[in-house]
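Peer 1: I'd like to go over a predicted model; first the sequence, then the structure.
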Amino acid sequence: MSHHSPTTFFQRLAAFDHFFEPAHREIVQWLNLARGARIADIGCGAGGMAVLFAEQVGDSGNVAAVEVNAERVTALRAFLETSSLSARISSHQGELPALSFAENEFDVVWCSRVIHHVADPVAGIRELARIAKKGGRVILREGGITPRFLPYDVGIGAAGIEERVRVAHNAWFDNMRAGHENSVRYPRGWLAALRDAGLQNARAKSFLYELTPPFTDTQISYLRTWLNDFATNEELELSEADRDALRQLTDPASEHDAFRRDDLHLLYVASVYVGEK
(Lines give C-alpha, C1' and ligand atoms only; values in the text may rest on other atoms or scores of the structure.)
Protein backbone atom coordinates (compact mmCIF):
# COMPACT_ATOMS: atom_id res chain seq x y z
CA MET A 1 0.00 0.00 0.00
CA SER A 2 2.41 2.66 1.17
CA HIS A 3 5.66 3.26 -0.65
CA HIS A 4 8.63 2.31 1.52
CA SER A 5 12.36 2.15 0.86
CA PRO A 6 13.55 -1.45 0.26
CA THR A 7 15.21 -1.55 3.70
CA THR A 8 12.15 -0.24 5.53
CA PHE A 9 9.86 -2.51 3.52
CA PHE A 10 12.08 -5.51 4.33
CA GLN A 11 11.95 -4.61 8.01
CA ARG A 12 8.15 -4.53 7.83
CA LEU A 13 8.10 -7.92 6.15
CA ALA A 14 10.33 -9.25 8.92
CA ALA A 15 7.97 -7.80 11.53
CA PHE A 16 5.05 -9.52 9.76
CA ASP A 17 6.89 -12.86 9.89
CA HIS A 18 7.67 -12.43 13.59
CA PHE A 19 4.16 -11.34 14.58
CA PHE A 20 2.39 -14.15 12.72
CA GLU A 21 4.96 -16.88 13.38
CA PRO A 22 2.54 -19.00 15.49
CA ALA A 23 0.04 -19.09 12.60
CA HIS A 24 2.83 -19.74 10.09
CA ARG A 25 4.12 -22.68 12.11
CA GLU A 26 0.62 -24.15 12.15
CA ILE A 27 0.45 -23.85 8.36
CA VAL A 28 3.85 -25.50 7.88
CA GLN A 29 2.87 -28.34 10.23
CA TRP A 30 -0.32 -28.91 8.22
CA LEU A 31 1.64 -29.02 4.95
CA ASN A 32 3.49 -32.09 6.30
CA LEU A 33 6.64 -31.47 4.26
CA ALA A 34 8.76 -34.55 3.61
CA ARG A 35 12.37 -34.82 4.70
CA GLY A 36 14.57 -34.20 1.69
CA ALA A 37 11.92 -32.18 -0.14
CA ARG A 38 12.81 -29.33 -2.47
CA ILE A 39 10.73 -26.22 -1.75
CA ALA A 40 10.40 -22.99 -3.76
CA ASP A 41 9.24 -19.91 -1.83
CA ILE A 42 8.24 -17.44 -4.55
CA GLY A 43 8.01 -13.91 -3.19
CA CYS A 44 9.59 -14.96 0.09
CA GLY A 45 9.63 -11.50 1.69
CA ALA A 46 11.98 -11.42 4.67
CA GLY A 47 12.54 -15.19 4.60
CA GLY A 48 10.57 -16.19 7.68
CA MET A 49 8.60 -18.94 5.96
CA ALA A 50 11.72 -20.16 4.14
CA VAL A 51 13.37 -20.78 7.52
CA LEU A 52 10.31 -22.67 8.78
CA PHE A 53 10.34 -24.79 5.61
CA ALA A 54 14.07 -25.47 6.09
CA GLU A 55 13.40 -26.74 9.61
CA GLN A 56 11.05 -29.37 8.18
CA VAL A 57 12.96 -30.65 5.13
CA GLY A 58 16.13 -31.54 7.04
CA ASP A 59 19.74 -31.55 5.87
CA SER A 60 18.88 -33.51 2.73
CA GLY A 61 16.25 -30.97 1.63
CA ASN A 62 16.57 -27.39 0.44
CA VAL A 63 14.57 -24.22 -0.02
CA ALA A 64 14.92 -21.77 -2.92
CA ALA A 65 13.85 -18.33 -1.66
CA VAL A 66 12.96 -15.88 -4.42
CA GLU A 67 12.51 -12.10 -4.26
CA VAL A 68 11.79 -9.56 -6.94
CA ASN A 69 14.74 -7.15 -6.91
CA ALA A 70 18.42 -6.97 -6.01
CA GLU A 71 17.86 -4.82 -2.91
CA ARG A 72 15.49 -7.33 -1.36
CA VAL A 73 17.72 -10.28 -2.27
CA THR A 74 20.67 -8.54 -0.60
CA ALA A 75 18.63 -7.95 2.57
CA LEU A 76 17.35 -11.53 2.42
CA ARG A 77 20.87 -12.96 2.18
CA ALA A 78 22.01 -10.86 5.14
CA PHE A 79 19.09 -12.22 7.19
CA LEU A 80 19.69 -15.82 6.15
CA GLU A 81 23.33 -15.58 7.19
CA THR A 82 22.10 -15.17 10.76
CA SER A 83 20.16 -18.46 10.61
CA SER A 84 21.62 -21.79 11.63
CA LEU A 85 19.66 -23.25 8.69
CA SER A 86 21.27 -21.04 6.02
CA ALA A 87 23.00 -24.01 4.35
CA ARG A 88 19.57 -25.37 3.40
CA ILE A 89 18.34 -22.11 1.84
CA SER A 90 19.45 -20.47 -1.40
CA SER A 91 18.38 -16.95 -2.43
CA HIS A 92 17.44 -15.91 -5.95
CA GLN A 93 16.16 -12.89 -7.83
CA GLY A 94 13.09 -13.56 -9.94
CA GLU A 95 9.60 -12.39 -10.78
CA LEU A 96 6.39 -13.97 -11.98
CA PRO A 97 5.28 -14.85 -14.56
CA ALA A 98 8.78 -15.86 -15.77
CA LEU A 99 11.03 -17.68 -13.30
CA SER A 100 14.52 -18.98 -14.10
CA PHE A 101 14.00 -22.48 -12.66
CA ALA A 102 13.71 -25.59 -14.81
CA GLU A 103 10.47 -27.50 -15.26
CA ASN A 104 9.56 -30.19 -12.72
CA GLU A 105 12.15 -29.00 -10.19
CA PHE A 106 10.31 -28.67 -6.84
CA ASP A 107 8.20 -30.91 -4.65
CA VAL A 108 6.34 -27.89 -3.24
CA VAL A 109 5.97 -24.39 -4.68
CA TRP A 110 4.78 -21.89 -2.08
CA CYS A 111 3.61 -18.40 -3.05
CA SER A 112 2.26 -16.08 -0.36
CA ARG A 113 0.43 -12.80 -1.02
CA VAL A 114 1.97 -12.42 -4.49
CA ILE A 115 -0.39 -13.76 -7.16
CA HIS A 116 -2.94 -11.00 -6.59
CA HIS A 117 -0.24 -8.54 -7.75
CA VAL A 118 0.44 -10.40 -11.01
CA ALA A 119 -1.22 -8.87 -14.09
CA ASP A 120 -2.61 -12.26 -15.15
CA PRO A 121 -3.13 -14.36 -12.00
CA VAL A 122 -3.78 -17.64 -13.83
CA ALA A 123 -0.64 -17.18 -15.94
CA GLY A 124 1.28 -16.63 -12.71
CA ILE A 125 -0.07 -19.87 -11.24
CA ARG A 126 0.77 -21.74 -14.46
CA GLU A 127 4.37 -20.63 -14.00
CA LEU A 128 4.34 -21.94 -10.44
CA ALA A 129 2.97 -25.22 -11.78
CA ARG A 130 5.66 -25.38 -14.45
CA ILE A 131 8.47 -25.58 -11.89
CA ALA A 132 6.62 -28.11 -9.69
CA LYS A 133 7.37 -31.80 -10.08
CA LYS A 134 4.69 -34.12 -11.38
CA GLY A 135 2.71 -35.05 -8.28
CA GLY A 136 4.04 -31.95 -6.51
CA ARG A 137 1.97 -29.24 -4.87
CA VAL A 138 1.42 -25.57 -5.69
CA ILE A 139 0.30 -23.69 -2.59
CA LEU A 140 -1.05 -20.14 -2.49
CA ARG A 141 -1.63 -18.05 0.61
CA GLU A 142 -4.25 -15.53 -0.52
CA GLY A 143 -7.54 -14.10 0.67
CA GLY A 144 -8.34 -14.92 4.26
CA ILE A 145 -9.39 -12.20 6.70
CA THR A 146 -7.14 -9.23 7.41
CA PRO A 147 -6.36 -8.46 11.06
CA ARG A 148 -9.19 -6.84 13.01
CA PHE A 149 -8.94 -6.04 16.67
CA LEU A 150 -10.91 -2.89 17.55
CA PRO A 151 -14.41 -2.85 19.06
CA TYR A 152 -17.05 -1.68 16.58
CA ASP A 153 -17.42 1.58 18.53
CA VAL A 154 -14.14 2.85 19.94
CA GLY A 155 -15.69 5.97 21.48
CA ILE A 156 -14.03 8.42 19.07
CA GLY A 157 -15.31 9.44 15.66
CA ALA A 158 -18.03 7.45 13.93
CA ALA A 159 -18.50 3.81 14.86
CA GLY A 160 -17.26 1.14 12.44
CA ILE A 161 -13.89 2.64 11.56
CA GLU A 162 -12.20 -0.71 10.84
CA GLU A 163 -14.90 -1.54 8.31
CA ARG A 164 -14.40 1.78 6.51
CA VAL A 165 -10.65 1.15 6.45
CA ARG A 166 -11.28 -2.22 4.78
CA VAL A 167 -13.58 -0.62 2.20
CA ALA A 168 -10.94 2.03 1.45
CA HIS A 169 -8.24 -0.62 1.16
CA ASN A 170 -10.37 -2.67 -1.24
CA ALA A 171 -10.88 0.42 -3.41
CA TRP A 172 -7.11 1.03 -3.39
CA PHE A 173 -6.53 -2.58 -4.40
CA ASP A 174 -8.99 -2.31 -7.30
CA ASN A 175 -7.21 0.84 -8.52
CA MET A 176 -3.84 -0.91 -8.22
CA ARG A 177 -5.08 -3.84 -10.30
CA ALA A 178 -6.60 -1.53 -12.91
CA GLY A 179 -3.28 0.29 -13.21
CA HIS A 180 -1.40 -2.88 -14.17
CA GLU A 181 -0.23 -2.94 -17.76
CA ASN A 182 -2.03 -5.80 -19.54
CA SER A 183 -4.07 -6.49 -16.42
CA VAL A 184 -6.43 -9.46 -16.84
CA ARG A 185 -9.62 -9.45 -14.83
CA TYR A 186 -10.32 -12.82 -13.22
CA PRO A 187 -13.83 -12.95 -11.71
CA ARG A 188 -13.45 -16.33 -10.00
CA GLY A 189 -12.06 -17.64 -6.73
CA TRP A 190 -8.65 -19.10 -5.92
CA LEU A 191 -9.75 -22.72 -6.18
CA ALA A 192 -11.00 -22.06 -9.71
CA ALA A 193 -7.73 -20.29 -10.54
CA LEU A 194 -5.74 -23.37 -9.50
CA ARG A 195 -7.94 -25.56 -11.69
CA ASP A 196 -7.77 -23.14 -14.62
CA ALA A 197 -3.98 -23.25 -14.34
CA GLY A 198 -4.12 -27.01 -14.92
CA LEU A 199 -3.79 -28.23 -11.33
CA GLN A 200 -5.86 -30.98 -9.77
CA ASN A 201 -7.48 -31.77 -6.42
CA ALA A 202 -7.77 -28.08 -5.52
CA ARG A 203 -8.61 -27.57 -1.86
CA ALA A 204 -8.50 -24.89 0.82
CA LYS A 205 -7.64 -24.67 4.49
CA SER A 206 -7.86 -21.63 6.78
CA PHE A 207 -5.94 -20.94 9.97
CA LEU A 208 -7.23 -18.71 12.75
CA TYR A 209 -4.78 -16.60 14.73
CA GLU A 210 -6.34 -15.04 17.81
CA LEU A 211 -4.90 -12.76 20.50
CA THR A 212 -6.37 -10.92 23.49
CA PRO A 213 -4.67 -8.57 25.99
CA PRO A 214 -2.25 -8.36 27.54
CA PHE A 215 -0.20 -7.98 24.35
CA THR A 216 3.57 -8.01 24.39
CA ASP A 217 5.47 -4.84 23.53
CA THR A 218 6.42 -6.39 20.18
CA GLN A 219 2.79 -7.20 19.38
CA ILE A 220 1.69 -3.68 20.33
CA SER A 221 4.42 -2.17 18.15
CA TYR A 222 3.34 -4.23 15.15
CA LEU A 223 -0.37 -3.49 15.54
CA ARG A 224 0.24 0.21 16.20
CA THR A 225 2.32 0.51 13.03
CA TRP A 226 -0.19 -1.50 11.01
CA LEU A 227 -3.09 0.76 12.09
CA ASN A 228 -1.09 3.97 11.75
CA ASP A 229 -0.23 3.10 8.13
CA PHE A 230 -3.89 3.55 7.28
CA ALA A 231 -3.93 6.98 8.92
CA THR A 232 -0.92 8.20 6.94
CA ASN A 233 -1.50 6.53 3.58
CA GLU A 234 -2.79 9.26 1.28
CA GLU A 235 -3.71 6.72 -1.39
CA LEU A 236 -6.61 5.54 0.75
CA GLU A 237 -9.92 7.34 0.39
CA LEU A 238 -10.61 8.03 4.06
CA SER A 239 -12.29 11.07 5.58
CA GLU A 240 -10.17 13.47 7.61
CA ALA A 241 -12.32 12.59 10.61
CA ASP A 242 -11.37 8.92 10.25
CA ARG A 243 -7.70 9.79 9.78
CA ASP A 244 -7.80 11.91 12.93
CA ALA A 245 -9.42 9.08 14.87
CA LEU A 246 -6.77 6.63 13.63
CA ARG A 247 -4.00 9.02 14.62
CA GLN A 248 -5.41 9.26 18.14
CA LEU A 249 -5.91 5.51 18.38
CA THR A 250 -2.24 4.94 17.53
CA ASP A 251 -0.72 7.78 19.57
CA PRO A 252 0.74 6.50 22.87
CA ALA A 253 0.28 9.97 24.36
CA SER A 254 -3.42 10.17 23.49
CA GLU A 255 -6.12 9.32 26.01
CA HIS A 256 -7.71 7.37 23.13
CA ASP A 257 -4.64 5.21 22.51
CA ALA A 258 -6.13 1.84 21.56
CA PHE A 259 -3.48 -0.07 23.45
CA ARG A 260 -4.58 1.30 26.80
CA ARG A 261 -7.75 -0.76 26.38
CA ASP A 262 -8.37 -4.21 27.81
CA ASP A 263 -11.13 -5.10 25.33
CA LEU A 264 -9.12 -5.56 22.12
CA HIS A 265 -9.52 -8.90 20.36
CA LEU A 266 -7.29 -9.73 17.39
CA LEU A 267 -8.74 -12.06 14.79
CA TYR A 268 -6.77 -12.97 11.68
CA VAL A 269 -7.44 -15.77 9.22
CA ALA A 270 -4.80 -17.02 6.80
CA SER A 271 -6.25 -19.04 3.92
CA VAL A 272 -4.15 -21.56 2.00
CA TYR A 273 -5.09 -23.00 -1.40
CA VAL A 274 -3.46 -26.20 -2.65
CA GLY A 275 -3.39 -27.78 -6.09
CA GLU A 276 -1.51 -30.83 -7.34
CA LYS A 277 0.32 -31.18 -10.62
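Peer 2: Perfect, thanks for sending it. Residues are numbered from 1 along each chain as shown.

Peer 1: low-confidence ranges in the chain?
Peer 2: Applying pLDDT under 70 to the chain picks out residues 1-7.

Peer 1: those helices in it, which residues are they?
Peer 2: 6-19, 21-31, 48-57, 70-80, 121-131, 161-178, 190-196, 217-232, 240-249 (DSSP state H).

Peer 1: Mind putting the ones you listed into a markdown table with distance to residue 255 and mean neighbour count?
Peer 2: Every C-beta, even on glycine, is put in place using the N, C-alpha and C of the backbone. A markdown table is the format used below for the helices of the chain (distance: least, C-beta to C-beta, whole Å; neighbours: other C-beta atoms under 10 Å):
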| stretch | distance to residue 255 | mean neighbour count |
| --- | --- | --- |
| helix 6-19 | 26 | 17 |
| helix 21-31 | 32 | 16 |
| helix 48-57 | 36 | 24 |
| helix 70-80 | 38 | 18 |
| helix 121-131 | 45 | 22 |
| helix 161-178 | 17 | 15 |
| helix 190-196 | 43 | 19 |
| helix 217-232 | 16 | 16 |
| helix 240-249 | 8 | 17 |
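
Peer 1: I'd like those laid out as CSV, including distance to residue 63.
Peer 2: Output for these, formatted as CSV (distance: least, C-beta to C-beta, whole Å):
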stretch, distance to residue 63
helix 6-19, 14
helix 21-31, 11
helix 48-57, 5
helix 70-80, 10
helix 121-131, 14
helix 161-178, 29
helix 190-196, 22
helix 217-232, 25
helix 240-249, 38
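
Peer 1: who wins for proximity to residue 277 among those helices?
Peer 2: Among those, helix 121-131 comes nearest to residue 277, with 5.5 Å by C-beta to C-beta.

Peer 1: Which elements pack onto that closest one?
Peer 2: strand 38-42, strand 106-112, strand 132-141, helix 190-196 (3 or more C-beta pairs under 8 Å, 6 or more residues apart in numbering; DSSP states H and E).

Peer 1: possible to save those as CSV with distance to residue 257?
Peer 2: Listed next are these as CSV, based on distance: least, C-beta to C-beta, whole Å:
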stretch, distance to residue 257
strand 38-42, 37
strand 106-112, 32
strand 132-141, 32
helix 190-196, 37
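
Peer 1: Tell me which of these is the most buried.
Peer 2: strand 38-42 (a mean of 26; mean count of other C-beta atoms under 10 Å).

Peer 1: Can you give the contact residues for it?
Peer 2: 33, 47, 49-50, 53, 57, 61-66, 94, 96, 99, 101, 105-112, 114, 128, 131 (C-beta atoms under 8 Å, 6 or more residues apart in numbering).

Peer 1: which one of the helices of the chain lies closest to residue 209?
Peer 2: Nearest of the helices of the chain (C-beta to C-beta): helix 21-31, 3.9 Å.

Peer 1: next one: stretch 202-216 to chain centre, how far?
Peer 2: Relative to its chain's centre, stretch 202-216 lies at 13 Å (C-alpha atoms, centre = their mean, to the nearest Å).

Peer 1: Counting neighbours, which bits of that stretch end up buried?
Peer 2: Within stretch 202-216, the residues scored as buried using 16 or more other C-beta atoms under 10 Å are 202, 207, 209, 211, 215.

Peer 1: ok, now which ones touch the third one?
Peer 2: What that stands for is residue 209. 20, 22, 23, 266, 267, 268, 269, 270.

Peer 1: Residue 141 against residue 207, yeah?
Peer 2: No. The criterion here is C-beta atoms under 8 Å, and residue 141 misses it with residue 207 at 9.5 Å.

Peer 1: Residues that sit against both of these two, list them.
Peer 2: Listed as contacting both residue 141 and residue 207 by C-beta under 8 Å, 6+ apart are 27, 270, 271, 272.

Peer 1: any idea how far the residue nearest to the spatial centre of the chain lies from residue 143?
Peer 2: With distances taken as C-alpha atoms, centre = their mean, residue 113 lies nearest the centre of the chain, 4.4 Å away. In this structure, residue 113 and residue 143 are 10 Å apart, going by C-beta to C-beta, to the nearest Å.
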